[in-house]
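Trainee: quick one: sequence and predicted model below, then my questions.
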Amino acid sequence: MGADCLIRKSEESKGNKSGGDGWRGQLIIKEGKSNKSGSDGQRGALIVVEGCDRTGKSTQAKKLVDYLSENGRQAVLMCFPERSTQIGGIINGYLSKDCNLDDRAIHLLFSANRWEQLPLIQLHLQAGITVIIDRYAFSGVAFSAAKPGMSLEWCKGSDSGLPRPDLVLFLDLTPAQAEERGDYGTERYETRQFQARVRENYHKLVDDYWKVIDANRSIDELHEVLRAIVIKTVDNVEDKELGTLW
Ligand code: Z5A
Ligand code: MG
């Protein structure tokens, strides 16, 4: 089974592109062979993949879930923005430039999109399932604070109290290196100047639970580096309590 489609929406939310309650659906969790995490009451690890546009986050997040599952650890993939909820639908419209919103309003919606998924994150972690998340609050702060008049401190406020990940894998590329992977897309924020400011912000957010990774290598080479770090984190969570941001 691939790493995608881990969360199937409930019947009533099917066919409603931006509607539904988002997480009130049937969960499909990738079973590890021997379920090394979870069988002994140990919580799952919370691991976030972050970085600027085209750094390979989605590619690597999926590969990590597959790797963990193939090696006996239960794992699920989540991503932000989670575009399937009502809030996610508004975010999707904003990113695709179908609608404009005040910078503060869209920032708070990105944040609300995380809060609405918190019960699902907690459910997985308590069940001993590792949660790999493709973008999280750090994207929220790094992107919003790249806009004029938006301070890093103000942007942090609305995510304060969310679980602090055990590990943040920050995939780092210069904007020029990212551009070598093809043109930036047509969504909002996909310009070289904006991405350069976002990258500066990420570097201001680096903390002791982050690993800054040079992402300028092949998909497989990068995966090898990441999986060695991730397996250590998953196997060392033990009874460590999860902290909160910030
Ligand atoms: N945003 C925000 O403002 N506030 C928030 O709170 C949150 C997000 C959560 C949409 O995010 C936008 O929302 C985003 C931030 C903002 N705006 N920007 N920029 P998104 O996550 O949906 O964005 P995306 O469209 O998925 O792009 P991405 O995530 O930036 O790309 P990626 O996941 O890092 O890369 P990828 O999809 O894995 O790979 C991109 C391409 O590169 C693809 O063709 C791959 O085959 C190729 N690739 C991948 N890895 C490699 C390596 N190692 N070498 C060569 N080529 C590679
Ligand atoms: Mg992506």
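Mentor: Received, thanks. Everything numeric here is computed off the predicted structure, so don't read it as measured data. Ligands and ions are numbered 1, 2, ... in the order given.
Trainee: who's in contact with the residue lying closest to Val131 once chain neighbours are set aside?
Mentor: What sits nearest to Val131 in space, not counting adjacent residues and going by CB to CB, 6 or more residues apart in numbering, is His124, at 4.9 Å. (Each C-beta comes from the backbone N, C-alpha and C, glycine too.) Taking CB atoms under 8 Å, 6 or more residues apart in numbering, we find His124 in contact with Ile29, Gly44, Val76, Thr130, Val131.
Trainee: make it 7 Å
Mentor: Contacts for His124 (CB atoms under 7 Å, 6 or more residues apart in numbering) come out as Gly44, Val76, Val131.
Trainee: distance of Asn236 relative to Gly72?
Mentor: 16 Å (CB to CB, to the nearest Å).
Trainee: with Leu125 instead?
Mentor: For Leu125, the distance to Gly72 - CB to CB - is 18 Å.
Trainee: so between those two, which is more surrounded?
Mentor: More crowded of Leu125 and Gly72, by other CB atoms under 10 Å: Leu125, with 20 against 14.
Trainee: nearest residue to that one in space, please, no chain neighbours.
Mentor: Nearest non-adjacent residue to Leu125 (CB to CB, 6+ apart): Gly44, at 4.5 Å.
Trainee: how is the one you found assigned, secondary-structure-wise?
Mentor: Put simply, Gly44 is coil when judged by DSSP: H, G, I helix; E, B strand; the rest coil.
Trainee: list phi and psi for it.
Mentor: Backbone geometry at Gly44, expressed as degrees, to the nearest 10, gives phi -80, psi 160.
Trainee: could you count how many residues lie near it?
Mentor: Residues near Gly44, counting by other CB under 10 Å, number 27.
Trainee: ok, now how distant is it from ligand 1?
Mentor: Gly44 sits 21 Å away from ligand 1, going by CB to the nearest ligand atom, to the nearest Å.
Trainee: just checking, that residue touches Gly128?
Mentor: Yes: counting by CB atoms under 7 Å, Gly128 is a contact partner of Gly44 at 5.3 Å.
Trainee: how many other residues sit next to Trp115?
Mentor: 13.
Trainee: would you say it is within a helix?
Mentor: Yes: assessed with three-state DSSP, Trp115 lies in a helix.
Trainee: all strands for this structure, in order.
Mentor: 7-8, 26-27, 46-51, 75-79, 130-134, 167-172, 210-214 (DSSP state E).
Trainee: how about the ones you listed, which one is nearest Ala196?
Mentor: Nearest to Ala196 among the strands of the chain is strand 167-172 (12.5 Å), distances taken as CB to CB.
Trainee: isn't Val198 up against Cys52?
Mentor: Yes: between Val198 and Cys52 a contact is recorded at 5.5 Å, counting by CB under 7 Å.
Trainee: and these two? Which one has more around it.
Mentor: Applying other CB under 10 Å to Val198 and Cys52 shows that Cys52 carries more neighbours, namely 27 against 22.
Trainee: about what we covered before: of the contacts of His124, closest to Tyr209?
Mentor: The shortest approach to Tyr209 among these belongs to Val131, at 14.9 Å (CB to CB).
Trainee: give me the neighbour count for the closest one.
Mentor: So Val131, with other CB under 10 Å, has 23 neighbours.
Trainee: quick thing: my sequence starts at 38, can you match it?
Mentor: Understood, numbering begins at 38; the last thing we discussed is Val168.
Trainee: and it, what is it in contact with?
Mentor: Counted by CB under 7 Å, 6+ apart, Val168 has contacts Gly81, Leu83, Val113, Met115, Ile158, His161, Leu162.
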